[in-house]
Structure formats: structure tokens, C-alpha cells
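Visitor: Prediction below, plus the sequence it came from.
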There are 2 protein chains.
Amino acid sequence: MTLTPATDAFADTLSQQLPADTLRRVEPRFLEEPRGRWQGSSGWVALPRSTQDVATIVRHCAQTGTGLVPYGGGTGLVGGQIAPDGAPLLLSLERMTAVRAVFPEENALTVEAGAILADVHDAAEAVNRLFPLSLASQGSARIGGLLSTNAGGINTLRYGNARDLVLGLEAVLPDGEIWNGLKRLRKDNTGYDLRHLLIGAEGTLGVITAASLKLFPRPSATGTALLATPSPATALSLLARARDILGDTISAFELIHRQGIDFLAETLPDIRRPWPEPPEWCVLIEIGTGPATDPTEALETLFASALEDGLSEDGLIAQSKQQSQDFWTIREQIPEANRRIGSISSHDIALPLSVIPEFIPEAHARLAEIDSYRINCFGHLGDGNLHFNVFPMPGRTRADHAHQRDAIKTCVHDLTHAMGGSVSAEHGIGRLKTDDMLRYGDPTKLAAMRAIKSALDPAGIMNPGAVLPD
Amino acid sequence: MTLTPATDAFADTLSQQLPADTLRRVEPRFLEEPRGRWQGSSGWVALPRSTQDVATIVRHCAQTGTGLVPYGGGTGLVGGQIAPDGAPLLLSLERMTAVRAVFPEENALTVEAGAILADVHDAAEAVNRLFPLSLASQGSARIGGLLSTNAGGINTLRYGNARDLVLGLEAVLPDGEIWNGLKRLRKDNTGYDLRHLLIGAEGTLGVITAASLKLFPRPSATGTALLATPSPATALSLLARARDILGDTISAFELIHRQGIDFLAETLPDIRRPWPEPPEWCVLIEIGTGPATDPTEALETLFASALEDGLSEDGLIAQSKQQSQDFWTIREQIPEANRRIGSISSHDIALPLSVIPEFIPEAHARLAEIDSYRINCFGHLGDGNLHFNVFPMPGRTRADHAHQRDAIKTCVHDLTHAMGGSVSAEHGIGRLKTDDMLRYGDPTKLAAMRAIKSALDPAGIMNPGAVLPD
């Protein structure tokens, strides 16, 4: 499918249909992405102020066969927001940030797609509610992008992924028509679920312009523990034990390997370290309880039980907000430490929980056949979601291993796939993983995806090259 | 789109591609449905034993342009399982009932589409887990139908609708290809979410053949209360109060109107009644707690708080399993009492919680302009899901009001729609509500649905006439 680039002449014609200053020449910030693997090719960006403006823009792109790339906070890690070829129009939602309405008594809130996640947290907190989606980039990630990529993060164990937090959507479909699906209903069985089709489609089936989101009661109190554990297998037993003792109150269960703490010491030495000599493995547990339960006592009960059965040999239970924050800083800064070290290849994988203890040593063994590496395996163990990232040994650089990058990725992804896992747990496909999807994806599903894409976007204008390559 | 009927010659040709006794002449039970509004026209039913057999059947229907109607437990209330015209082939999943695998440590289970819900409950209980989907027809409803209609029921407040309980699906798409999407992953962002597209599509986009389902820890203890409350508004305040005090432990919050209890007394007099003189409104609350909480004490705390603030004037907290069962029998037998009285028009609607106190009296007032009726308004208040059913006054019959049926339905549905609600909360569209979907549905969504249907099922063979009429 050949698309027309968004030229100056295109911008000129489209500008006449829109309020002043809606179209601009792109600034460099729109052409970069966090991992520095792609450089955008677009010359123009549209910054609409309303859903109607978005519809005008999409319709004009459809009529002229011009590619359109929706742009949220620009924090995506798989290049979904960056088109390196074809100079499509960028569509930034950054001016559409309104919280349209809050319904505390319904535990719901309606917000425009350009709202930053941290601001949605604040809007919920202002009515004593919780919007639980939480991830490292929440200070810049925007709701539209978070939903389009079905973002995960640290609270999915208790509250689900982004798609589980959505009651309704408003979106502009690839023909420029507006779908008003913003109903705030917990049950609505009136036809196909377009909502879940657009969520996770990474902007290839339309532009999400607003969403009705679920809110939750805020826990009365929270507790945080950092427990050393001998192995991934005991970490999983500890998760089961935690569920028995703490039930639904567990909001995060994060696995941390010593490699991550060592990287922190190497690159961010000011971060307070919990142990002088970190354990091989530890888990960070967060719970949120009702008024009847003291979270510190509950975590102490868990730790005592874990200690008795050898599921943990050492543990720290936060005694203050500051200490809790210190524990979280370790987890949250590991990605930054990783960036500073510079990975050769990073993998965002999910596995059935029960195969994880077998997967980790097997992946290490297979990689050792390629070369020697430092491996930082960490992530959302409660969801079976591991970030399995491969780094050079001290004294070597990622450039030294550039020729091995494909072999490393294939090694990790082949094993993941063979063990019933997913090669994109929470980051999406974007432009990074289209080959993986062709390699590992179910052919019947791929054919259905192509049929749906052609049906809804016959000209192929929406985020061309992302998710489904030509 | 003209489809070929499943004639004897068709059955003969298809039979040769299948194991013996896969195709049979239909028995009458396949041609009836619970409300007696439609009579099926099919002459043949296929009873496959494997996914491969289902694929053979679907492929042959696609090649010959023959309509195909998937059939689960036959309990649907909107005619989705009954084709009154065109003599399509019926496809019953009743021989595919295997629990393929149970993964207690992952809280997951893989089951074939023909499994009966109550048997899935038992399979989960056998490993000390809970599969929470629960509704009146669970002794005969089958998993494939429950997922295809995105069934709701009494536990959705805590655990979600059917779609929220599915990790993965296996299905045969309308071209006869098998999609193996049975992964047991909590996070998997690899392309469009086919799973949520098939769930709720009522068999119009393919046949679900198996599912990986989420299991949950069983609550250590459960408690049941029946609390009288002055009005729907106080019932909602009571729900908010219950959430404050009982948190995530609330699994059901059911509204009951006196009319339902009176119908029980009239039609099923042996059922034990909780009050000699029933209150105008009451709510049935079920909680499931962890080991640290006594559910009876927790409900007593709630009741004391509700009493103090006038949210309840009278209440019963079950002191035994038997008493809890007695309370539930009332709720569960109301639909049977309704059937015996015979409704003129029944409505399965959902509303934003905050408008319910306004909706109920307004709907009564508008109906009173048509005629005098008895109205039984009950349902899953916690989800905003009301069953708003209209009956003749004593001494009159539903036949007396047959000419008003359309006016009643339009009156209730117009008001529901105007107040931001849904005219099909949990029962689906089937054949009963296709007109409603055209009347109230978003035109952009409808166009997208038609495009998706045409893309995946170009010959229109899958459940013709359901959801999307020609």
C-alpha cells in the first residue's frame, strides 16, 4: 500500500479546515524515542484541541491516502510512536488533557486521551479514589497511548492491565467517524466489543480521544516489604503463601535480581541500598488493606511463615513512608540503571507462572553458548511478566556484541515461545517486534488481524508499519 | 445474503467427512427456547467430538454457503441459539465437555466449550479454587455459550463479567481455520485482542471450542445478609457504605422488590419467606472473607452502621448455611416466579449507578400512562444491572396486553438510553434485540461491526440473523 507523505502542500490544505495553529512543523522531540533505535521521518505534527478536530484530520488523511501516527507521551519502548519512513503526519493529543467529569459515587472518571497518567492519579485522589495503573513513565505517559498499548505496570496483579480499567471509549475510526462509546456501565452486551479491539491496537485501527475509566476505593493503609528468597522457585512459593495469608490485598509482587542492585550501585551510587551485600534474589511486596488490618503486622506474619519454611532467609518490612519509598526507588530506578549500562538486547516476556523456575536457568544456559553476558532478570513476577535483559560483561560494550543481538533475541524468544509464553507481555509490538509476531504468532490470528485492519482501514493510513507490517 | 439450507443432501455429504453419528436429525429440544418466543427451523444438528471436527463442519458450511448456529446449553433468553428461518445447521458442543487441564498453582484451568458451568465449579473446587461465574442456569448453561454471550450473573461486582475471567481461547473462525489462543498468560500484548472480539459476539464471528479460565482463591468464609432499605437511593448509599466497611469482600449486592417476593408467595408458596410482611425494597448481600475476618461480625457492623443512618430499618444476617441458602433461594427463584406469572415485557438494562434512583420512579410514571401494570424491578444493583419486568394486574393476562408490548419496551428502552444506559446489560442481542441495537446503537460502532463481520465471515454463515440483521 503506497501512502502519500504529509508534505507542506498537504499541511496547507488541511490547515484551512482547522483552527489556527493546529498544524506545526515537527520539533525534534517528536522524532526521538527512549531507546534511540529509530529516528522519525515526519515533517508535520497536528495538535488538535477537540475530538471534532481529530475527526477532521483523520478524514483528510483517509481522503488523501496520507499516513497518520498517533502520538501520546512518547514513552513507548517498541517504536510504535515513531515512523522512520514515509513522512506521515504525527497526531499529538497533548492539547486534549481535560478531565471531563468525575463520578466518585460510581467509581468512574471520564478523561481526554492527552491527559498525563500522574494527573489522572491526582484527579482520582482529589475524590478519595484510586486509579491504579502505575508504571515508571507515569509522569509523561498519556492515557491514549497507555490504552492503545494496553499498558501493564506494577499494579496489574490486583487491578489488571490497562484494558481492565476501561468502562468506555471515544475514538475516531480510520474513516474519520467519531465513535461515542463513553458509557459508564459495568455491564453492556450490545454487540461486538470495539473497546477491547482498539485497546492494544497501538493506533492502527483508530485514535482514542477519550476514555471512561474505573476508579477504586483507596486502601486505608499500605505496607511494603523487601524479602530475600533463595530462587525463582521459592519466590513463586512465596507468592502463593502471600496470597493465602494476604488475599486480595497484594497489589505488587516484583522480582529483583542482584544484578539490578549492582547496576544501581555502579550507575546511581546515591540510591540508598537496603543490604550491604544484596541477596541473589529478592521480592518487593506491596499490600493495601482495609481499616481492620494493620499492613505491617500482616507482612510480619507473612515473613515469619516464609522464614519458617525456607521461602525467605532475610527480610525488611518498611517501618515508615520513607523506607517504603526507598524500597520502591530501587525497583523504579533499575530501568534507568539498565539504560546507563546499555543493554545488548532487552526482552519483555510473559510466561505461565509454573514454568518460570525452569525458564530462567535454561535461558542463562542457552545464552552462555553464544557468549558471556551479565543478565538482569526482574519484573512483575505476580503476572508472570519478566524483563529479561542482556548486558555486556564489565570492560566490554554493547557495540562489541552488536553482531550477536539477533541471536540473543531469537534465543530468548524461541525459548519463551516454546514454553507457552509471550514475546511481548506489556510493551506491545510497535515497530520492534513485527518480525517476532510473524515468527511466533498464530497464523489464524494473524490472518484475522489483517482482515480486520483492511476492513476498518482499507487505505492503511493508521500508524503504518506498526503492529502489522505490509 | 442468501444462504443454502442444511438439507438431507448437505448432511449426507458432510457426514462423509466426519466420524460416524456426528450429524443427526434435530430433536425437539434444540428447537425450543426458555421464553417460547421462537421455534427453530433446523432439520440437522452436528454433535462434534473434537475441535478438528468443528473445523471440518465450519469449512464445509463456508464452502457451501450454509448457515451454522452454535448451540450451548440452550438457556439464552434472547433467541441467539434459535434460527426460526432458513434451516441452518445446528452445532451443539455438548460432546466436548473435557476439562483439559487444571493448573492450581497458576489459578487457571483449560476446559472445552461444551462443559456445563456447574461442572467447571466442581473442577475448580476439587483443587480448592473458585471459578466465580454464577447464574441461575448454571446447571445447564455451557462455557461456550456463556462466553459467546459474555454472561454476567451475581458475582460480577467482585470478579467481573465472563470476559474478565478468560485468559485464552481456542476457536474455529468462519473460514474453518482453528485459532489456538489458549495461552495462560496474565499479560500478552501481541496484536489485536481476538479473544474479546469473539467473547460477546454470540457466535457470529466463529465458534469458541475451548477456553483457559481464571480461577481464584476460595474465600475462607462467606456471609449473607438480607437488609430492608427504604428506597433505591438508600440501597445505593448502603452499597457505598458496604464498600467502605467490607471493601473487596462483597461478591453480590442484589436488589429485590416486594413484587418479586409476592410473586413467589403466589406461585411457589413452599419457599420459606424471611418476613411475614415483606418490605418494599431489600438487598441481598454476600461477602467472602479471608481467615482474619468473621463474615457474620462484619455484616453486623455494616447493619449497625446502616441502621444508625436510616439506610436500613430491618435486617437479617444468616446464622447458618441453611439460612444463607434460604435467602439465596428467594433471589434465585424470582425468575421462575416471574415465568409463572408471565411477563408482558422483560427488560435487561444497565444504568450508571447514580441515575438509578431517578430512573425507577420515572419508568413507573411513564408506564402508568400506557396502562396499569405490576412491575418487578430487581437485579444486580452493584453493577447497575436491573431486570425491569412488566406484568399484568391480577385478573388480567399477558395476552390482554399483547398489543402494548412494543409500546412498553420502547418506553423502558427509550428512557434507559436517554439516561446513558444499555438496553442489553447481560443477556445479549440475539434475535430479540437487533431492532433495539439499530435504534439505540452508535452508528459508527454499527458500521465497524458490519465491516468486521464482512471481513471475517464474508458469506455470512455464522449464526445468521443474530446480533447483526441483514
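Guide: Right, received. Where do you want to start?
Visitor: Sketch out the low-pLDDT regions of the stretch 1-150 of chain A for me.
Guide: Within the stretch 1-150 of chain A, the ranges that satisfy pLDDT under 70 run A:1.
Visitor: list the contacts for the closest residue to residue A:295 other than its chain neighbours?
Guide: Distances taken as C-beta to C-beta, 6 or more residues apart in numbering or on different chains put residue A:223 closest to residue A:295, at 2.8 Å, once the chain neighbours are dropped. All C-beta atoms are positioned from the backbone trio N, CA, C, and that covers glycine. Neighbouring residues of residue A:223 by C-beta atoms under 8 Å, 6 or more residues apart in numbering or on different chains: A:286-287, A:289, A:295-296, A:298-299, A:317-318, A:324.
Visitor: what do you get if the cut-off is 7 Å, keeping everything else the same?
Guide: A:287, A:295-296, A:298-299, A:318 (C-beta atoms under 7 Å, 6 or more residues apart in numbering or on different chains).
Visitor: what does residue A:137 give?
Guide: Contacts of residue A:137 by C-beta under 7 Å, 6+ apart are A:73, A:75.
Visitor: Next, name the residue at the spatial heart of chain A.
Guide: Nearest residue to the geometric centre of chain A (C-alpha atoms, centre = their mean): residue A:151, 3.6 Å.
Visitor: that older thread, what lines up beside the helix or strand harbouring the residue nearest to residue A:295 in the sheet?
Guide: Per DSSP states H and E, residue A:223 falls inside strand A:221-228. In the sheet, strand A:221-228 lines up against strand A:281-289 (antiparallel), strand A:314-317 (antiparallel) (DSSP bridges).
Visitor: right, and the helix or strand after it?
Guide: helix A:232-246.
Visitor: Show me how far the helix or strand hosting residue A:299 is from its chain's centre.
Guide: Residue A:299 belongs to helix A:295-308 when assigned by DSSP H and E. Centroid separation for helix A:295-308 versus its chain: 31 Å, with C-alpha atoms, centre = their mean, to the nearest Å.
Visitor: Whatever residue of the stretch 101-250 of chain A ends up closest to chain B: neighbouring residues, count only.
Guide: In the stretch 101-250 of chain A, the residue that lies nearest chain B is residue A:196 (3.4 Å; C-beta to the nearest C-beta). The number of residues packed near residue A:196 is 23, by other C-beta atoms under 10 Å in any protein chain shown.
Visitor: Does residue A:329 belong to a helix, a strand or coil?
Guide: The three-state label for residue A:329, taken from DSSP: H, G, I helix; E, B strand; the rest coil, comes out as helix.
Visitor: for the stretch 51-200 of chain A, what spans make up the strands?
Guide: Along the stretch 51-200 of chain A, the stretches classed as strands by DSSP state E, counting those that start in this stretch are A:68-71, A:89-92, A:99-103, A:108-112, A:129-130, A:166-172, A:178-181.
Visitor: Would you point to the one among the ones you listed that's packed deepest?
Guide: strand A:68-71 (a mean of 28; mean count of other C-beta atoms under 10 Å in any protein chain shown).
Visitor: packing partners for it?
Guide: strand A:89-92 (3 or more C-beta pairs under 7 Å, 6 or more residues apart in numbering or on different chains; DSSP states H and E).
Visitor: Could you export the strands paired with strand A:221-228 to CSV, including columns for mean pLDDT?
Guide: Below are the strands paired with strand A:221-228 laid out as CSV (pLDDT from 0 to 100):
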stretch, mean pLDDT
strand A:281-289, 95
strand A:314-317, 96
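Visitor: Buried residues of the helix holding residue A:299, list them for me.
Guide: A:295-296, A:298-299, A:302-303, A:305-306 (16 or more other C-beta atoms under 10 Å in any protein chain shown).
Visitor: before we move on, the earlier item: which residue is the nearest non-sequential neighbour of the residue nearest to the centre of chain A?
Guide: That would be residue A:162: by C-beta to C-beta, 6+ apart, it lies 4.5 Å from residue A:151.
Visitor: List the contacts of the one you found.
Guide: So residue A:162 contacts A:133, A:146-147, A:150-151, A:199 (C-beta under 7 Å, 6+ apart).
Visitor: quick one: which of these sit in helices?
Guide: The helices, defined by DSSP state H, take in A:146-147 from the contacts of residue A:162.
Visitor: Please enumerate the helices of chain A.
Guide: Using DSSP H, helices in chain A cover A:8-15, A:51-64, A:117-125, A:143-148, A:156-159, A:194-198, A:232-246, A:258-267, A:295-308, A:321-341, A:356-368, A:405-418, A:434-440, A:443-456.
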